[in-house]
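K.L.:
Any chance you can model this:
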Amino acid sequence: MQEWRRRLACGVALFFIPWVTSARSEIRVALVDGQIEIAGLTTEAMDAMEAGATRVRVSVGPDAPAILGEYRVAGGRLYFQPMFPFDPGREYIVRVDGGGEPFFATVALPARDLVPTTIVEHIYPSTDTLPENQLKFYIHFSAPMAGGDGLVFVKLLDDNGEQVIDPFLPLGNAFWGRNHRRYTVFFDPGRVKRGILPNEEMGRPILEGRRYVLVVDPTWRDAEGQPLAEPFRKEFIAGPPDETPIDPKMWTLISPRAETREPLTVDFPEPLDRAVLARTLAVENVDGEIEISRDETRWSLIPEKPWQAGTYHLIALTILEDLAGNQIGKPFEVDVFTRVDSPDDVTDTHRVPFVVRD
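P.N.:
The predicted structure is shown next:
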C-alpha cells in the first residue's frame, strides 16, 4: 500500500476512514515514539481513507477541542503525529466512529518523576550576629521560583519558639530579583527606625541579646510548580544596633603585584549588604571577576588582564550599605522601592586610591 499523509487544518483534528474488521475488538490503539498508532483496520478501510465513512478523533477529554496534528498510513496502520508533543502523564482519548457504537481507547505517556529538587541555597547576611536594627534578608534559591507574595512562606521565631508579630514590610510581591532566584525580605522600616510611630508603638522586630530563627516553609513552590525539597532555617542572635555611617577610611586594601592577576582585596570592619556591595564597588578602568567572602566582610577583584604598575582608584557608590542600611557618610535612610540591583541612576561616588608596585 502506498504511504500517504494529510495535515489537519482549520483547528479540526478529525480524519475519516471507512473501516471494516472481522471484530471491533481487533482495533488496537497505542502511543509509540510520541505518536498514536491504530492497527486492526482492514485493507479495504485503509484503501478508502478519503471516503469519510469512519471518523477518528484525538482529544484530552470528551468535550475538549480536537488536537491538531498530522496523520499517515504505513504498513497497514494509521499513525497520528500531534503538532505539539504529547504531555507525559496526561491521558488522551482516541475515538473511532464507523457506524454503530463508537470505539474508544485511552493512551498516555509515562508521567515524569516529579521529585522536588529546588532548595534554599543561602540566606544573607551570612553572619549569625545581626544588629538590632537589621534591615533585610536575601533568600537565594537553586532554581527560579514562582512569583507572588513570598512572605506567606517566611516566618520569624523568637527564643521562646513564638512567632514574631508583623516584623516584615507587607509588600511581598515587590521584592523578587529579575531571575526569580532571589527574594528580599525587608524588616518593616517603620519599626526599625527610631522616632517613627510604628517603632514607638511596637518596638523593633528583633531585640539585642535575644536569639531568633528565620524559617522558610517548604510548601513554597518553584517555577515548575513543585514545592521546595526541604525547609530552611537561619539562626541568629541580635546584637547592638548599628547607627554609624560607613567610613571608607576604616577599610583595609591589600594591593596586588604588578604583572600578576592577583586580586585586589578590600576588608571591611563589619559585614556589608551583599547585593548592594556586588553592584556598588569597582576599580576604575579595570574589568574582572568579583568575589565576596568572609561573611560579606571581604570584597575582591580578580582582573581580566595582569595589573600594570601605577596608581588606581577603588570607586564606591555612596549608596553602599551595611546590614542596618547605613550608607557612606550618612546613617540609615532608605527608599525600600529602589531596586538593590539597579543603581544605574546613582552618580555620587567615593574614591579610594591604591598603588600597584613591581
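K.L.:
who's in contact with residue 60?
P.N.:
Shown in contact with residue 60 (C-beta atoms under 8 Å, 6 or more residues apart in numbering): 67, 90, 91, 92, 93. Using the backbone N, CA and C atoms, a C-beta is placed for each residue, glycine as well.
K.L.:
Try it again at 6 Å.
P.N.:
Not one residue lies near residue 60 by C-beta atoms under 6 Å, 6 or more residues apart in numbering.
K.L.:
Provide a list of residues in contact with the residue lying closest to residue 167 once chain neighbours are set aside.
P.N.:
Spatial nearest neighbour of residue 167, excluding adjacent residues (C-beta to C-beta, 6 or more residues apart in numbering): residue 205 at 3.5 Å. The contact partners of residue 205, by C-beta under 6 Å, 6+ apart, come to 164, 167, 187, 191.
K.L.:
cool, and residue 320?
P.N.:
Residue 320 neighbours (C-beta under 6 Å, 6+ apart): 276, 280, 328.
K.L.:
what does residue 301 give?
P.N.:
So residue 301 contacts 263, 264, 283, 288, 290 (C-beta under 6 Å, 6+ apart).
K.L.:
7 Å instead, please
P.N.:
263, 264, 283, 286, 288, 290 (C-beta atoms under 7 Å, 6 or more residues apart in numbering).
K.L.:
any idea how far residue 129 lies from residue 162?
P.N.:
21 Å (C-beta to C-beta, to the nearest Å).
K.L.:
what about these two, which has more around it?
P.N.:
residue 129 (13 against 9; other C-beta atoms under 10 Å).
K.L.:
Go ahead and confirm the more buried one touches residue 239.
P.N.:
Yes - using C-beta atoms under 7 Å, residue 129 makes contact with residue 239 at a distance of 4.9 Å.
K.L.:
Give me the residue ranges of this protein where confidence is low.
P.N.:
Along the chain, segments meeting pLDDT under 70 span 1-25, 42-55, 97-100, 111-113, 172, 333-347.
K.L.:
Domains in it, by residue range?
P.N.:
Domains of the chain are assigned by automatic domain parsing as 4-108, 120-239, 248-356.
K.L.:
Residue 114 is nearest to which of these?
P.N.:
domain 120-239 (6.2 Å; C-beta to C-beta).
K.L.:
and the gap between residue 156 and residue 237?
P.N.:
13 Å.
K.L.:
out of those two, which sits in the more crowded spot?
P.N.:
residue 156 (21 against 15).
K.L.:
helix or strand for that one, which one?
P.N.:
Per DSSP states H and E, residue 156 falls inside strand 154-158.
K.L.:
just checking, what packs against that strand?
P.N.:
Strand 154-158 sits against strand 211-216, with contacts defined as 3 or more C-beta pairs under 7 Å, 6 or more residues apart in numbering; DSSP states H and E.
K.L.:
Name the residues of the strand it packs on that are buried.
P.N.:
Within strand 211-216, the residues scored as buried using 16 or more other C-beta atoms under 10 Å are 212, 214, 215, 216.
K.L.:
would you list the residues you listed in JSON lines and tack on distance to residue 269?
P.N.:
What follows is those, written out as JSON lines (distance: C-beta to C-beta, whole Å):
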{"residue": "212", "distance to residue 269": "24"}
{"residue": "214", "distance to residue 269": "25"}
{"residue": "215", "distance to residue 269": "31"}
{"residue": "216", "distance to residue 269": "30"}
